[in-house]
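[1] Next input, structure requested:
(one chain, ligands or ions: 1)
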Amino acid sequence: MDRLRVATVWLGGCSGCHMSLLDVDEWLFDLAEAVDVVYSPLLDVKAFPEDVDVTLVEGAVANEDNLELVRQVRRNSRILVAFGDCAVSGNVTAMRNPVAPPEEILHRLYVEAVDLQGQPPRERGVLPSLLGRARPVHEVVAVDAFVQGCPPSAPEIRAAIERLVEAARSGGASSLPDPLPPPPACGEGEGASETEGRG
Ligand code: SF4
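    Model prediction:
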């Protein structure tokens, strides 16, 4: 049987979900016998590859780089999983949404709140622009499964991956049950009118 190609992606999150993934400890050796990890912040791989079977996406879609990457992830992944509460609902990353537009927040933090030479952190080509709202993944692209928790516990992650690997082996997203309706996005909600479907 072919080995499955698995990826993990880190968008607007704290990396706690990835840390919890590592907490499955020695089960990682069992997993390594069944899958190849082809992209992850834990690896030094620069470009998201094609033909990925299962991708876990941590974090909300918070800036232009997140937006571009998650669209590519969707095009290149058979099964896309919103991994952890920031990806599922926006969670901590979306707490800025009801406060003020990003430019106002950046001005307050990096200009008004500093004593010397305050300036907003923006350098073209280096720092991606923040989106007007940090958005849960399902508001931007179609999601096949949701793993909730902040972070999800290691046993929950292990159970989810085992089920996803089984689903990928037996035909991909179409063999998964319909995903549970996602919880409402944190902060004020606007609809998912721009959600992109599977590639
Ligand atoms: S869900 Fe919690 S642990 Fe995961 S990225 Fe968000 S804040 Fe961090």
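[2] Residue 82: helix or strand, and which one exactly?
    Using DSSP states H and E, residue 82 sits within strand 77-83.
[3] hmm, who's touching that strand?
    The contact list for strand 77-83, computed with CB atoms under 8 Å, 6 or more residues apart in numbering, reads 7-8, 17, 52-58, 73-74, 88, 136-138, 141-147, 152, 160, 164, 167-168, 172-173, 176, 182, 198-199. For glycine as for every other residue, the C-beta is placed from the backbone atoms N, C-alpha and C.
[4] and the following helix or strand past that strand, anywhere near the ligand?
    Per DSSP H and E, strand 77-83 leads on to helix 85-89 as the next helix or strand towards the C-terminus. Yes - counting by CB under 6 Å from any ligand atom, the ligand is contacted by helix 85-89 at 85-86.
[5] Now find how far off-centre helix 85-89 is within its chain.
    Distance of helix 85-89 from its chain centroid, counting by CA atoms, centre = their mean, to the nearest Å, is 8 Å.
[6] swap in stretch 78-91?
    Taking CA atoms, centre = their mean, the mean C-alpha location of stretch 78-91 is offset from the chain mean by 5 Å.
[7] State the distance spanning the first to the last residue of that stretch.
    Stretch 78-91 has its terminal residues 25 Å apart, counting by CA to CA, to the nearest Å.
[8] Likewise for stretch 15-26?
    Stretch 15-26: ends 20 Å apart by CA to CA.
[9] for the nearest residue to residue 142 once chain neighbours are set aside, what are its contacts?
    Nearest non-adjacent residue to residue 142, counting by CB to CB, 6 or more residues apart in numbering: residue 197, 4.9 Å away. Applying CB under 8 Å, 6+ apart to residue 197 gives the contacts 74, 141-142.
[10] related to what we said a few turns ago, pairing partners for the strand holding residue 82, with directions?
    Applying DSSP bridges, strand 77-83 is found paired with strand 52-58 (parallel), strand 145-147 (parallel).
[11] residues from this protein in reach of the ligand?
    Counting by CB under 6 Å from any ligand atom, the residues of the chain near the ligand are 13-14, 16-17, 58-59, 84-86, 91-92, 150-151.
[12] are any of those residues buried, and which?
    Listed as buried from these are 13-14, 16-17, 58-59, 84-86, 91-92, 150-151; burial here means 16 or more other CB atoms under 10 Å.
[13] in this structure, which ranges drop under the pLDDT threshold?
    1, 172-194, 198-199 (pLDDT under 70).
[14] What ranges does it have for its strands?
    Assigned by DSSP state E, the chain shows strands spanning 4-10, 35-39, 52-58, 61-63, 77-83, 130-135, 145-147.
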